[in-house]
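S.K.: when you get a sec, could you give me coordinates for this:
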Amino acid sequence: MQVQPVPTLAIGNKLYSSWSMRPWLVLRHFGIPFKEEFVRLRLPDTRAHALRFSPTGLVPAYVQGELRAWESLAIIQTAAEANPTLPIWPKDPVARAHARSIAAEMHAGFSDLRSACPMNLGKRFATRDRGQKVQADVDRIVAMWTECRRRFGQGGPFLFGAFTAADAMYAPVVSRFQTYGIPVPPVVRAYMDAVQALPAYQEWTAAALEEPWVIPQSEVEESPVLVMRKRSEPNLPDVTA
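M.R.: The predicted structure follows:
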């Protein structure tokens, strides 16, 4: 029997790359071995670097021999199929269908929230009105999380009790709600606290705060009330002697 190589997960800057965070959390939380390939975003050679792993020139991407998957949800599903004994999705078919549906809704939607509140793990901003479209996205997410906790959340603090791929898909939204001071009801705050306490989430965040690079296109024109990063520098191309 041929031994498969350890898969490679190509990801972008941990401070900003919400799509990279999603499959990384799944692989790390469930103990699936992988090699991490870092692709710095918004540099002249970013696309060329990413094309080594993904036909779109974007990250994340997952490579294992001839197998390639790109797009966060496709990577997560590929990992789930390769590890069928792991509870990456809920085992109950009703809960599993619900989890897959809300994961797909995240993948395809909430563009107003994502645009107005890009993921930035290194800053905190004051609570303020961010417009009706953003609030509509927030309201839908709050309703979704509340329903999941009510219907499926017995036995643990996550959407379906134990941590699943659905939580990984919404982890960057948890970070956005935290970063931009989005008001939420207690049941949602408790869920957010559980996600942020997850060891894999904390590992990702700690690494993100060590990154020195600033990507202006991923920053909002707003003064933060708190900056957690130790150092920062413009996202300039690397220069070697």
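
S.K.: find the nearest non-adjacent residue to residue 38, please.
M.R.: Leaving out its chain neighbours, the residue that sits closest to residue 38 by Cβ to Cβ, 6 or more residues apart in numbering is residue 11, at 6.4 Å. Every C-beta, even on glycine, is put in place using the N, C-alpha and C of the backbone.

S.K.: my read: that neighbour touches residue 59, true?
M.R.: Yes: contact criterion Cβ atoms under 8 Å: residue 11 and residue 59 qualify, at 5.6 Å.

S.K.: joint contacts of the two?
M.R.: Here residue 11 and residue 59 have 17, 20, 39 as joint contacts, going by Cβ atoms under 8 Å, 6 or more residues apart in numbering.

S.K.: now, which of those sits nearest residue 220?
M.R.: The nearest member of the shared contacts of residue 11 and residue 59 to residue 220, counting by Cβ to Cβ, is residue 17 at 16.2 Å.

S.K.: off-centre distance for the lengthiest helix in the chain?
M.R.: For the chain, the helix with the greatest residue count under DSSP state H is helix 132-152. Centroid displacement of helix 132-152 relative to its chain, using Cα atoms, centre = their mean, to the nearest Å, is 18 Å.

S.K.: next: stretch 202-219.
M.R.: On Cα atoms, centre = their mean, the centre of stretch 202-219 falls 13 Å from that of its chain.

S.K.: I'd like to know how many residues surround the closest residue to residue 112 other than its chain neighbours.
M.R.: Counting by Cβ to Cβ, 6+ apart, residue 112 lies nearest to residue 133, which is 3.9 Å off, once chain neighbours are set aside. Residues within reach of residue 133, counting by other Cβ atoms under 10 Å, total 13.

S.K.: cool, residue 166 as well?
M.R.: Residue 166: 28 neighbours (other Cβ under 10 Å).

S.K.: I figured it hits residue 159, correct?
M.R.: Yes: at 5.2 Å, residue 166 counts as touching residue 159 under the criterion of Cβ under 8 Å.

S.K.: joint contacts of those two?
M.R.: 99, 102, 148.

S.K.: endpoints of stretch 156-170, how far apart?
M.R.: End-to-end distance for stretch 156-170: 17 Å, by Cα to Cα, to the nearest Å.

S.K.: what's in contact with it?
M.R.: Contacts for stretch 156-170 (Cβ under 8 Å, 6+ apart): 21-23, 25-26, 29, 72-73, 76, 80, 87-90, 95, 98-100, 102-103, 106-107, 141, 145, 148-149, 152-155, 190-191, 193-195, 198.

S.K.: same deal with stretch 177-192?
M.R.: Stretch 177-192 is contacted from outside by 117, 119-121, 123-128, 130, 138, 142, 145-146, 149, 157-159, 174, 176, 196, using Cβ under 8 Å, 6+ apart.

S.K.: thank you, goodbye.
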